[in-house]
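> Give the three-dimensional model of this entry:
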Amino acid sequence: MPKISLIEPQKKNTSRFNIFLDGKFAFGISDQSLLENNLKVGKILTEDEISKILVREQLSKLTEIATNFLSFRQRSEKEVRDHLIKKIAVRENVKFNQASESPLIEKIISKLKKYSYINDLEFAKWYVESRLRSRPRGSRLLKLELRKKGISDSIIENLLSKSDKETEYAKKALQKKIKSWQNLSNLDLKKKIYQYLISKGFDFETIKEVFAIFSNKR
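From the prediction side, this is the model:
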């Protein structure tokens, strides 16, 4: 059975250590894993022990990757899952669908959900509020965007079916455009408004109402 012959800190990351077994480099490990596994020079490791250490180390590293990914902004479960799969695919040199089968992913997702780092309902609320604040769009387009993020239909319907501000959002979406359309005929203005708001996911009833509002102001 292999014996630890040397433990040395990595030059580029002093919180990680390189483990040498029988004089040969075996694997890198974090300082936390080093302590948890009571690794020291002279200790004999079985193949099973090495395997468990490496799994725990990989789990720790991937959890760090996930939390770092979440530190920039809120993410949906699907976004975090896809990010982890891509990282595993690159690290292990396997295809995306193969990497998606890793049991480590479910362990990490479960842990992040337990501590509320991942919450699809809260993410969806943040996403909708952010979109409507900076780039207003209709419920139809928002629903499509949320589905691409992996948000369930039940959450989407709960958030967007109650919206009674579609007209206000549509008016806000037109604010920057309407100034340059002031000299258009009513027919051309109607075409512009309809085309633009359809592209932003607003329904025909909302668009009709908004056109009437702007038309009456002329």
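> CA only for contacts and neighbour counts going forward, please
Noted.
> Which parts of this protein are strands?
With strands called from DSSP state E, the chain shows them at 4-9, 16-21, 24-30.
> Of those strands, flag the one that's most buried.
strand 16-21 (a mean of 20; mean count of other CA atoms under 10 Å).
> Tabulate the strands of the chain in JSON lines, adding columns for distance to R147 and mean pLDDT.
JSON lines is the format used below for the strands of the chain (distance: least, CA to CA, whole Å; pLDDT from 0 to 100):
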{"stretch": "strand 4-9", "distance to R147": "45", "mean pLDDT": "94"}
{"stretch": "strand 16-21", "distance to R147": "40", "mean pLDDT": "91"}
{"stretch": "strand 24-30", "distance to R147": "38", "mean pLDDT": "88"}
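> Dump those strands to a markdown table, plus distance to P136.
Putting those into a markdown table (distance: least, CA to CA, whole Å) gives the following:
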| stretch | distance to P136 |
| --- | --- |
| strand 4-9 | 52 |
| strand 16-21 | 46 |
| strand 24-30 | 46 |
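> who touches L197 in this structure?
Contacts for L197 (CA atoms under 8 Å, 6 or more residues apart in numbering) come out as R137, G138, A170, A173, L174, I207.
> go on, Q74?
Per CA under 8 Å, 6+ apart, neighbours of Q74: F123, W126.
> report the longest helix in the protein, please.
If you go by DSSP state H, the chain has its longest helix at helix 47-72.
> So for it, mean pLDDT?
Here helix 47-72 scores 92 as its mean pLDDT.
> in it, what's buried?
I53, L54, E57, L59, S60, L62, T63, I65, A66, F69, L70 (16 or more other CA atoms under 10 Å).
> For F25, state which of those residues is nearest.
L54 (13.9 Å; CA to CA).
> And that closest one, how far from E47?
Distance of L54 to E47, given as CA to CA, to the nearest Å: 11 Å.
> and if you look at K125?
Distance from K125 to E47, by CA to CA: 48 Å.
> next one: F96
Going from F96 to E47 by CA to CA gives 28 Å.
> So for stretch 35-54, first residue to last residue, what's the gap.
14 Å.
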